[in-house]
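K.L.:
predicted coordinates and the sequence they were generated for:
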Amino acid sequence: QVQLVESGGGLVQAGGSLRLSCSASGSIFSIGAMGWYRQAPGKQRELVAAVMEGGSTNYADSVKGRFTISRDSAKNTVSLQMNSLKPEDTAVYYCNADGVRTRAGSATFRYWGQGTQVTVSS
């Protein structure tokens, strides 16, 4: 089993910054991609940012230039630095690990964290 534990959410004023962190633990051989998704009330869950095993990154257009994702593959951790936060960034943020193998050549799985609330006040 693989567990993802997130930290770093909270309440911040518009224009402020927050840093989210996520640590994956358990029987992990490799992780293909790690990333962050968010879900606001009444909306579908959406990709915020992801970083691949090779280091390439992908950002939602709405956060480009404001958010930065980083990954430590040796420690199976991923972080999201969020700057210039806006009220529309308010959501529950979920850590995601995709393409997880528990041993070489095994099937791959996807895992989610429990979610952390980010609230940006205007």
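P.N.:
Thanks, I have it.
K.L.:
so what's the residue of the chain most remote from its centre up against?
P.N.:
No residue in the chain sits farther from the centre than G105, which is 25.4 Å out by C-alpha atoms, centre = their mean. Contacts for G105 (C-beta atoms under 8 Å, 6 or more residues apart in numbering) come out as none. C-betas here are computed from N, CA, C, even on glycine.
K.L.:
which SS class is it?
P.N.:
Classification of G105 by DSSP: H, G, I helix; E, B strand; the rest coil places it in coil.
K.L.:
if I look at it, how far off is F29?
P.N.:
Using C-beta to C-beta, to the nearest Å, G105 is found at 9 Å from F29.
K.L.:
which residues of the protein fall in helices?
P.N.:
Taking DSSP state H, the chain contains no helices at all.
K.L.:
ok, the residue most central in space within it - contacts?
P.N.:
Nearest residue to the geometric centre of the chain (C-alpha atoms, centre = their mean): W36, 2.3 Å. W36 sits next to 20, 22, 47-50, 69, 78, 80, 93-96 when contact means C-beta under 8 Å, 6+ apart.
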